[in-house]
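1. Need a 3D model of the sequence below.
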Amino acid sequence: MEVKKVNKTQLSNILKGLNSSKDVFLFVDQIYEIYDCVCEGIEEVMKITEFKEYTYVNPVVIILYIVNELNFYFKSRGFDNVKIAEFLNTDSFVEFISSIVCDKYLTNEQLNYKSPAFLNKFNPQISTLSLYFNFCLNILNKSYKLNKYDALVKDMLKNSFSLGQCIENLLINAFDVEAFSTWRTMHENECILYCLVLNGKDTFDSYFKHIQYSLAYRGQIKNKEKTDKVFEEIKSQMKEYNLKSKDMKKFIEYGYLFSIKNKEFNVDFKLNFRDGVEAMAGLKSYSKIYELSSEIAHSSPLLIYSNREYYFNITLLNLYETFFRLEKVFYTFYKSVSKKDEVEQYETLQKIYINQLHQIHNGLAALFKDRFFKIEHLDSKSHL
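-> Predicted coordinates for the structure are as follows:
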């Protein structure tokens, strides 16, 4: 297979397009020489392994490997431009870098290992949800004048949607089991957010206080006097709730739940996630799914011996359900910080795409029920 090379002018234009630093353009001739050597090496390997079905050799990717390899090599050694020029004009160095780039390009781009994925990023099951994640994250990335309560909601939504993007990327790259364990983190974030928005100011204030408790517990407060004062407050609070010293870590992490009115400790909730945060968020029905995801996250045998199709489907299904709930919180937040015409534009987007997402979700739920079992029955062995 013949490798079609770009010329020196085209290489310079590619470097401009990549927003390369000005210093890079001092060495265009030398970079082109390395590029030429890499292309020859790739072509030679392709000729002697003709049984392999190689894809188009992308010059931009080769140039990216070269520039990043050189940048790492020279920066890690603190070379100035004079020293860089000396190395780039040495045949042995050119051969050395060319060999590394050739190996990395062939192995990472042409011979890279990939398990077959169930969906690609262009499928509406992924692309429609992606559209929403990107839209919401762009909105949340804007600067707003917010009170501390709305600022926390914004940050938690941003974190949740970023995790959603991460799960999608794992799924389209066939990391289905890993995606399911990542959903666990997204679900935890969602449940905390729900506890806060459902219960209002008192729970928010208590949560902020417990953030300080956590910082003190982890030794993140530099001032010893302040740290000691925080621990005195923690001990006083624990005494008020009849907690023992062994409960300190649980109290620091989940003690803000005591702020929820008309709820009795050890009857309505406990100081943990499943019987505490998840229960108070009204999402206890996800407890078994969360338990299964936790087993994956803690590297049980399920991580190794698993039915990939099962984990793909249960992850996508739960990703959709988590998104629907988070989108409602996002919509409320967006209406409170945006102009009327901006909200109306968003509502137009909602009408088109939320409908489609619900249709996709209904199809996923029916498929899951047909192929596996009702979600409540997670004691079945269909996930193995």
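
2. Surely Q30 touches L88?
-> Yes: when contacts are counted by Cβ atoms under 8 Å, Q30 is listed as touching L88 (3.8 Å). Quick note: C-beta positions are derived from backbone N, CA and C, even for glycine.

3. and D379, what pLDDT?
-> According to the prediction, D379 has pLDDT 40.

4. do the same with I375
-> On the pLDDT scale, I375 gets 50.

5. what's the answer for E295, then?
-> With respect to pLDDT, E295 scores 84.

6. Now for it, how many residues are close by?
-> Per other Cβ atoms under 10 Å, the neighbour tally for E295 reads 16.

7. How about I66?
-> Neighbour count of I66, defined by other Cβ under 10 Å: 23.

8. Overlap of the contact sets of Q30 and L88?
-> Common neighbours of Q30 and L88 (criterion: Cβ atoms under 8 Å, 6 or more residues apart in numbering): V94.

9. Tally up the residues packed near Q10, please.
-> Q10 is flanked by 13 other residues according to other Cβ under 10 Å.

10. Determine the three-state secondary structure at it.
-> Under DSSP: H, G, I helix; E, B strand; the rest coil, the three-state class of Q10 is helix.

11. now for the longest helix along the chain, which elements pack on it?
-> The longest helix of the chain (DSSP state H) is helix 340-371. Helix 340-371 sits against helix 124-140, helix 308-337, with contacts defined as 3 or more Cβ pairs under 8 Å, 6 or more residues apart in numbering; DSSP states H and E.

12. orientation of the helix or strand just after the shortest one relative to helix 308-337 in degrees?
-> I take that to be helix 124-140. Once helix 124-140 ends, the next helix or strand along the chain (criterion: DSSP states H and E) is helix 148-172. Calculated by axes from the mean of the first three to the mean of the last three Cα atoms, to 10 degrees, helix 148-172 forms an angle of 150 degrees with helix 308-337.

13. just the CA coordinates of stretch 148-165, formatted as PDB?
-> Backbone C-alpha positions of stretch 148-165 (Å, rounded to 0.1, in the frame of the first residue of the first chain) are rendered in PDB as follows:
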ATOM      1  CA  LYS A 148     -24.300  29.600  46.700                       C
ATOM      2  CA  TYR A 149     -27.300  27.300  46.400                       C
ATOM      3  CA  ASP A 150     -27.800  27.700  42.600                       C
ATOM      4  CA  ALA A 151     -24.000  27.600  42.200                       C
ATOM      5  CA  LEU A 152     -23.900  24.100  43.800                       C
ATOM      6  CA  VAL A 153     -26.800  22.900  41.600                       C
ATOM      7  CA  LYS A 154     -25.000  24.200  38.500                       C
ATOM      8  CA  ASP A 155     -21.700  22.400  39.500                       C
ATOM      9  CA  MET A 156     -23.500  19.200  40.300                       C
ATOM     10  CA  LEU A 157     -25.500  19.200  37.000                       C
ATOM     11  CA  LYS A 158     -22.300  19.900  35.100                       C
ATOM     12  CA  ASN A 159     -20.600  17.000  36.900                       C
ATOM     13  CA  SER A 160     -23.500  14.700  36.100                       C
ATOM     14  CA  PHE A 161     -23.700  15.600  32.400                       C
ATOM     15  CA  SER A 162     -19.900  15.200  32.100                       C
ATOM     16  CA  LEU A 163     -20.200  11.700  33.600                       C
ATOM     17  CA  GLY A 164     -23.000  11.100  31.100                       C
ATOM     18  CA  GLN A 165     -20.700  12.000  28.200                       C
END
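
14. Which residues does that stretch contact?
-> With Cβ under 8 Å, 6+ apart as the test, stretch 148-165 has contacts from 129-130, 133-134, 136-137, 140-141, 144, 146, 182-183, 185-186, 189-190, 192-193, 196-197, 201, 204, 207-208, 319, 322-323, 326, 329-330, 333, 336-337.

15. any idea of the mean pLDDT in it?
-> Stretch 148-165 shows an average pLDDT of 97 in the prediction.

16. which other helices and strands contact the helix or strand where E253 lies?
-> Using DSSP H and E, E253 sits in helix 248-254. Contacts defined by 3+ Cβ pairs under 8 Å, 6+ apart place helix 248-254 against helix 201-217, helix 224-240.

17. Can you name the next helix or strand after that helix?
-> helix 278-280.

18. tell me what that following helix is packed against?
-> Here helix 278-280 touches helix 176-199, going by 3+ Cβ pairs under 8 Å, 6+ apart.
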